[in-house]
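S.K.: Structural data only, the sequence is not supplied:
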């Protein structure tokens, strides 16, 4: 593995949890309040796809994201991270300035901490869907 690419990602350090990183900054006003259901799974509320998760997506893309979502187990965000590869591998980080799920300040902090090569664009939380060319460009840069 030559390098790593993170696209508007949560990148905990050793001993941190995803929850530690996710909740380090005040959430965006339109971010949904996520809570586990009775089985311990966290689901994105239907209305949040359009308002916070993928606000730049088409109606068709939002419908598909909503219909195919998979829940996140509460245990996943509480698990302590092992030593991350970004400590030893060159890393790239695409910061999404219009992300309403992961605060931009958190993304900047994480990218700086990992000494990543940063690209910043006016994107939502789902550039893989709404701006795939930007994602491809970062990957190609990291691969070169």
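M.R.: Arrived safely, thanks for sending. If you're wondering where the values come from, they're calculated on a predicted model, not measured in any experiment. Numbers count the residues shown, from 1 in each chain.

S.K.: Go through stretch 110-120 and flag the buried ones.
M.R.: 110-111, 114, 116, 118-119 (16 or more other CB atoms under 10 Å). Every C-beta, even on glycine, is put in place using the N, C-alpha and C of the backbone.

S.K.: Repeat that for stretch 52-67.
M.R.: For stretch 52-67, by 16+ other CB under 10 Å, it's 52-57, 62, 65-66.

S.K.: hmm, back to that, in helices only, show me the buried residues of stretch 110-120.
M.R.: Per DSSP state H, helices hold the following members of the buried residues of stretch 110-120: 110-111.

S.K.: For this structure, give me the ranges with low pLDDT.
M.R.: Applying pLDDT under 70 to the chain flags no residue at all.

S.K.: and with 80 instead?
M.R.: Applying pLDDT under 80 to the chain picks out residues 1.

S.K.: just to revisit the earlier point, turn the buried residues of stretch 110-120 into CSV, columns for distance to residue 128.
M.R.: Listed next are the buried residues of stretch 110-120 as CSV, based on distance: CB to CB, whole Å:
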residue, distance to residue 128
110, 18
111, 18
114, 20
116, 18
118, 18
119, 14
